[in-house]
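Enquirer: I'd like to go over a predicted model; first the sequence, then the structure.
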Amino acid sequence: MTTDRCPAGGLERADWMRREAAEWDDAGQPDRAAYCRRVAAQIEQTEFARRPLCALMGQPS
């Protein structure tokens with residue numbers, strides 16, 4: 001949806017996917033928005049699991 005390129009990875013990519021989801025919602029495409037949110041959540045889960053302190057504290061809500 002956006003014209004900017006997707007970041008290579010990490011939390012920046014998750015943030016980009018959440019912005020994409022918002023744009024798809026605005027465009028009336030809830031299925032694509034839901035997909036973007038799922039991908040963002042998976043990226044965040046992976047990134048936070050790699051960080052020892054975050055892993056000890058549990059998943060963010």
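Expert: Thanks, I have the structure now. Numbering: from 1, shown residues only.
Enquirer: where do the helices sit along the chain?
Expert: Secondary structure of the chain (DSSP state H): helices located at 10-26, 30-49, 52-57.
Enquirer: Output the ones you listed as TSV; include the columns mean pLDDT and mean neighbour count.
Expert: In this view, the C-beta of every residue, glycine as well, is placed from N, C-alpha and C. Formatted as TSV, those follow (pLDDT from 0 to 100; neighbours: other Cβ atoms under 10 Å):
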stretch	mean pLDDT	mean neighbour count
helix 10-26	95	16
helix 30-49	94	15
helix 52-57	69	10
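Enquirer: mind checking how far Leu11 is from Arg51?
Expert: Relative to Arg51, Leu11 is positioned 10 Å away (Cβ to Cβ, to the nearest Å).
Enquirer: residues touching the residue positioned nearest the centre of the chain, list them.
Expert: The centre of the chain sits closest to Ala40, judged by Cα atoms, centre = their mean, with a distance of 1.9 Å. Ala40 is in contact with Ala14, Asp15, Met17, Arg18, Ala21, counting by Cβ atoms under 8 Å, 6 or more residues apart in numbering.
Enquirer: so what's the second one closest to, chain neighbours aside?
Expert: In this structure, Asp15 finds its nearest non-sequential neighbour in Ala40, 7.7 Å apart by Cβ to Cβ, 6 or more residues apart in numbering.
Enquirer: ok, now the third one?
Expert: Nearest non-adjacent residue to Met17, counting by Cβ to Cβ, 6+ apart: Ala40, 3.9 Å away.
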